[in-house]
Each structure stands twice: as C-alpha cells, then as structure tokens.
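**Q** Build me a model:
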Amino acid sequence: MIFEDEASFRQDSTLHRTWSRVGCQPIVPVTGKRESVKVFGCVDLHSAEFDFMIDDVFNHKTYTVFLETTVSKFFEKNRRIHYIQDGASYHRDGEVWYWFRENRKWIEVYNLPAYSPEFNAVETLWKFTRKEATHNASFRSKSEILDCVTDMFKRIQHDPSWITGYLRPFI
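**A** As a prediction, the model looks like this:
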C-alpha cells in the first residue's frame with residue numbers, strides 16, 4: 001500500500017511548543033516573505049520507504065511527472081500497488097486518469113473521502129517534518145527552507161525507522 005499526499009512548507013516562521021522563562025516569550029525572526037516549497041510525497045506502509053518530488057506548483061502536469069518519476073519506482077519490485085490519494089482537483093484530471101489506466105497492470109487507485117487527512121499516512125510525515133525541521137526556525141530565503149526540508153526527507157529515506165511508529169496506525 002502506497003499513500004500519497006502533497007504539502008507546502010512556508011518560509012515564514014511558525015512557533016510550536018517550546019519552553020522559555022515565565023514572562024519571556026521566545027522570539028523567532030521573520031523576513032516578511034511568504035515563499036513556499038511544494039512537495040509531493042509517497043510512502044510504502046510496509047517498508048516505510050519514502051520518496052518525494054519538489055516542484056513550484058501543484059497541478060495535473062506536475063502530478064503526472066511525480067507519478068512517472070517517483071511512484072513508478074515502486075513498479076520495479078514486480079508487485080501490484082494499492083495507491084491511496086486524496087481528492088485534490090488535479091488528481092481527478094483526465095490526463096492523470098489516463099496515466100492510471102495505462103498502468104493499471106501495476107497500480108490500483110483508491111481515493112480517500114473528502115476532508116479526511118486523518119486517513120492519509122503521509123500527513124503524519126508532514127507533521128513530523130514540521131515538528132523536527134521547520135517549527136521554531138527562521139528561513140531567510142526559499143533555498144534555506146528547501147535545503148532544510150530536503151535534508152529531513154533524505155534522513156527519512158536513509159533511516160526509515162524514524163517514521164515506522166507514525167505509520168503503524170495505518171497498517
């Protein structure tokens with residue numbers, strides 16, 4: 001089972017649970033810029049194998065590229081894929097469904113109900129990434145947040161044990 005989702009990681013600072021002296025609120029500098037890094041990601045529930053693709057926009061063309069370059073890697077294992085995605089508008093595009101039909105020998109697609117992120121295993125990885133990498137941090141440029149997010153995803157790829165606990169409820 002492969003779960004897929006998208007997320008944007010914004011340059012502006014986000015405060016998350018932290019500690020400080022009573023009466024001394026933590027200060028995270030801000031740049032006033034609101035650029036973001038857009039990420040497509042998918043995870044195999046059983047192996048915790050995670051893969052991702054970064055792009056400038058979410059649409060049917062970039063999603064099809066993601067399917068071709070990233071999801072198709074799972075085909076090489078010579079097994080049928082049960083692919084679970086949310087209801088983003090570009091997931092329902094004709095070109096995307098044409099790609100799914102062309103690859104139906106390897107992939108069976110399931111769409112999650114509308115507004116149900118709690119059913120998508122990749123959502124837990126986005127939350128983990130924000131908590132471990134982007135919260136309570138300041139990024140002066142888009143390239144800084146890009147480097148930060150990419151480093152975190154590469155760590156997850158090299159050591160899937162980081163995320164197995166987050167995936168367990170979905171197995």
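**Q** So what pairs up with the residue lying closest to residue 156 once chain neighbours are set aside in the strands?
**A** Distance criterion CB to CB, 6 or more residues apart in numbering; nearest residue to residue 156, sequence neighbours excluded, is residue 50 at 5.1 Å. C-beta: built from backbone N, CA, C; applies to glycine. With DSSP bridges as the criterion, residue 50 is bridged to residue 43.
**Q** Could you do residue 84 as well?
**A** Those that pair with residue 84 in a beta bridge, by DSSP bridges, are residue 3, residue 110.
**Q** That one: neighbouring residues, count only.
**A** Neighbour count of residue 84, defined by other CB atoms under 10 Å: 22.
**Q** and residue 36, backbone torsions?
**A** Per-residue torsions, residue 36: phi -140, psi 160 (degrees, to the nearest 10).
**Q** for it, which residues make a bridge with it?
**A** Beta-bridge partners for residue 36, by DSSP bridges, are residue 10.
**Q** and it, what does it touch?
**A** Shown in contact with residue 36 (CB atoms under 8 Å, 6 or more residues apart in numbering): 8, 9, 10, 11, 142, 145.
**Q** Hmm, which of those residues is lowest in pLDDT?
**A** Ranked by pLDDT, those bottom out at residue 11 (83).
**Q** picking up where we left off before, ok, the contacts of residue 36 vs residue 63, which is closest?
**A** Of all the contacts of residue 36, residue 63 sits closest to residue 8, with 14.5 Å by CB to CB.
**Q** Now the closest one. Nearest residue, chain neighbours left out?
**A** Looking at residue 8 with CB to CB, 6+ apart, the closest residue is residue 36, at 4.4 Å.
**Q** Please report how far the one you found lies from residue 9.
**A** Counting by CB to CB, to the nearest Å, the gap from residue 36 to residue 9 is 6 Å.
**Q** what is in contact with those two at once?
**A** Contact with both residue 36 and residue 9 is made by residues residue 145, according to CB under 8 Å, 6+ apart.
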